[in-house]
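Asker: need a 3D model of the following:
(2 chains)
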Amino acid sequence: MISPHIDTVRETIAGMLVARGQEAHFGEDESLFDSGRLDSIAAVDVLMTLESQFGIDLSDPDFDISRIDTLQEIDRLLMAHAS
Amino acid sequence: MTSVDIPSAPTGISLNPLNWRRAWLGMDRSEAVQLWAQTAQGQIILHLAFAAILFTNPLIRTNQAALLGIALVLCALFPARRMMLLSVLGTAYFLLKPFKQEPFYHHFSEIWAGIGANLPGTVGFVGFGLVFLVFAFVMVINQTSRKVEMIARYPIRFLLALSALLAVATVLLPQSHAAFSASWIFLSYLTGSFFFLGYVLLDSRSKSALPRHQQLGFVRPVWGYGHVPLKGPAFLRKFEAKTATDLAVTRLKAIKLAVWAVILFWVWEIAFNRVLFGALHLPQLDTAIAAGAAGAAEAPAMRWLILAADFLAQIIIFGATIHIFVAVIRMLGFNIPRGMARPLSSRTMSEFWARYLFYFKEILADFFFYPTFQRYFKNHPKLRLAFATFMAAFVGNVLFDLIAGSPSFAITGFWPTIEAFYSYVIYAGALTAGLIWSQIAQKKPTAQDGWLRYEVIPRVQVLVFYALLQVFDDTTGSVPVGERIDFFFSLFGAAP
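Answerer: Alright, predicted model coming up:
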């Protein structure tokens, strides 16, 4: 099952990659932050997008940043939030 | 970005060394080389070559190289049991070598002798180490069972509070008291493994968490000689080679990185140690600072030269060190990112920080930045980012070294240990200010700004900033902070 919003996130991340001089293409299970492809500023932008556009509450101490390391993981997070 | 973009390898034989270099850098992308690396002969040659690099690398002690050698052989023979083997070897390493600083071993010996045991100190290490591993195991279990909810929700805060409590006990209790010995020993075990255990605890929430008993082997992984963990076991599993081709590529990358580490080491040794600081008698930074305080009067230009040489030497030797350990982990079958990737090419301060100290930056981000960012000032984006950066680059940065050094309170005294950090507090404060400015206000240069404003000026600004920080990057207290401040101003012609 795919979140209807995942394309928005994909475009946001692709834009970040291009802004950092990299190819816009990335795999759905490709590590974005742990691998160093994107820096912590980009992670902050993704977190703020998840908060502001999708209403995800990140203040839960159990929220782990590694849960947004790949597009697949972000998708799972969005689906879990939607349900 | 921590990977190096490498043009594809050329075909055919060439006498041009640049083509050899290109072929070497691109070998992990060559299908023929990948296939060869999967053969028995290829695997043996790669491992022998890697072992030769490991055992002849002065940055790795012989004992450490032997342990790593055992790990490499076992993981090569039983790749499917890689994590279990590393866990067993990591546990053995932790039990035999629990502390991070040599003075702690001396102090432990004194305590051990006082206990009245005629047994060798190793027996003590193993015994106390097992007790600590039981504590770590209970912590790991609590992360999933959540019997003590507060600790499960805030495990790092709990470890921090426990460390602080033990440190206070070692300061207040007389050293002849049995409770002092118990507190100091537990403090030394805890602070020596603090962020390693922290990652294990954070990872135990992960879907790719190892079985609980195996996680204990990463309280001190076999490559964990330094203070900085290269993240935790769940991170490793993410980069673990899944196929024979993946493994071949990962090993080829390991060889490349290990060779690069050797090159960097010898550049540092010959160009800096033997020529610049040796034959040409250029003083090293701390020597120059102390000499300046004693009345030596070099021209500011000479002081800038000393600073630049020290800064470059530091980058090169740190690169050589982190690369060899990342190479080991790659050779074991985990294609993790490099710990340093072209820091001199950085155009912003935050970019340099990530390129220069990737894994240290990750620790500060994982334990301090993200938890703060997620919870505080959510309605004030700039303040939110600035506060999270402050918590990571200043609070986390200082705490990282203070935690590791806290057993020293009982050895060198509380205030002398704290005074040794004065200079580092200035370093962390200036770094924090630079990073906050870089993240909030610094315009990221683009190619449209022109060659000078894109290629040159931003890089010079970044390098000058970090070179100047180098004056204060010290937690040993070997040179008083006042002398460092005087040296700093003397760079701009202001005589002390």
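Asker: give me the distance from the longest helix along chain B to the chain's centre.
Answerer: Longest helix in chain B, counting residues (DSSP state H): helix B:300-331. Counting by CA atoms, centre = their mean, to the nearest Å, helix B:300-331 is centred 13 Å from the centre of its parent chain.
Asker: show me what whatever helix or strand comes next after it is in contact with.
Answerer: Next along the chain after helix B:300-331, taking DSSP states H and E as the criterion, comes helix B:349-356. Identification of contacts with helix B:349-356 by CB atoms under 8 Å, 6 or more residues apart in numbering or on different chains yields A:36, A:39-41, B:1-2, B:315, B:318, B:340-343, B:345-346, B:361, B:393, B:431, B:434-435, B:437-439, B:442, B:462-463, B:465-466. C-beta coordinates here come from the backbone N, C-alpha and C atoms, glycine included.
Asker: after helix B:349-356 comes which helix or strand?
Answerer: helix B:358-364.
Asker: quick one: mean pLDDT for that following helix?
Answerer: The average pLDDT within helix B:358-364 is 91.
Asker: quick one on the thing from earlier: quick one: list the elements packing against the longest helix of chain B.
Answerer: Applying 3 or more CB pairs under 8 Å, 6 or more residues apart in numbering or on different chains; DSSP states H and E, one finds that helix B:300-331 contacts helix B:40-55, helix B:62-77, helix B:244-267, helix B:285-293, helix B:457-469, helix B:481-490.
Asker: near chain B, which residues of chain A?
Answerer: Contacts of chain A with chain B, taken as CB under 8 Å from any CB of the partner chain, map to A:19-20, A:22, A:31, A:34-37, A:39-41, A:43-44, A:47-48, A:51, A:58-66, A:69.
Asker: could you rerun that using 7 Å?
Answerer: A:20, A:22, A:31, A:34-37, A:39-41, A:44, A:47, A:58-59, A:61-66 (CB under 7 Å from any CB of the partner chain).
Asker: could you figure out how far the longest helix of chain B is turned away from helix B:349-356?
Answerer: Relative orientation of helix B:300-331 versus helix B:349-356 (axes from the mean of the first three to the mean of the last three CA atoms, to 10 degrees): 50 degrees.
Asker: residues of the stretch 101-250 of chain B that sit close to chain A?
Answerer: B:Arg153, B:Tyr154, B:Leu202, B:Arg205, B:Ser206, B:Ala234, B:Phe235, B:Lys238.
Asker: let's see 6 Å
Answerer: B:Arg153, B:Arg205 (CB under 6 Å from any CB of the partner chain).
Asker: helices of the stretch 101-250 of chain B, start to end?
Answerer: B:102-114, B:121-145, B:149-153, B:155-172, B:178-192, B:194-203, B:212-215, B:233-238, B:244-267 (DSSP state H, counting those that start in this stretch).
Asker: with mean pLDDT added, can I get the helices and strands packed on helix B:300-331 in TSV?
Answerer: Converted to TSV, the helices and strands packed on helix B:300-331 look like this (pLDDT from 0 to 100):
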stretch	mean pLDDT
helix B:40-55	94
helix B:62-77	91
helix B:244-267	96
helix B:285-293	90
helix B:457-469	95
helix B:481-490	94
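Asker: which of these sits closest to B:Asn335?
Answerer: With CB to CB as the measure, helix B:244-267 is the member of the helices and strands packed on helix B:300-331 nearest B:Asn335 (4.3 Å).
Asker: elements contacting that closest one?
Answerer: Helices and strands touching helix B:244-267, by 3 or more CB pairs under 6 Å, 6 or more residues apart in numbering or on different chains; DSSP states H and E, are helix B:31-38, helix B:40-55, helix B:300-331.
Asker: tabulate the CA atom coordinates of stretch B:237-248 in PDB.
Answerer: C-alpha atoms of stretch B:237-248 as PDB (Å, rounded to 0.1, in the frame of the first residue of the first chain):
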ATOM      1  CA  ARG B 237      22.800  -4.200   9.300                       C
ATOM      2  CA  LYS B 238      21.400  -1.500   7.000                       C
ATOM      3  CA  PHE B 239      24.700  -1.600   5.100                       C
ATOM      4  CA  GLU B 240      25.500  -5.300   5.400                       C
ATOM      5  CA  ALA B 241      26.300  -7.000   2.100                       C
ATOM      6  CA  LYS B 242      23.400  -9.100   1.000                       C
ATOM      7  CA  THR B 243      24.800 -10.900  -2.000                       C
ATOM      8  CA  ALA B 244      28.200 -12.200  -3.100                       C
ATOM      9  CA  THR B 245      28.500  -9.300  -5.500                       C
ATOM     10  CA  ASP B 246      27.700  -6.800  -2.800                       C
ATOM     11  CA  LEU B 247      30.400  -8.400  -0.600                       C
ATOM     12  CA  ALA B 248      33.000  -8.200  -3.300                       C
END
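Asker: can you map out the helices along chain A?
Answerer: A:6-19, A:40-54, A:71-82.
Asker: quick one: the shortest one to helix A:6-19, angle?
Answerer: Here the directions of helix A:71-82 and helix A:6-19 differ by 140 degrees (the same axes, to 10 degrees).
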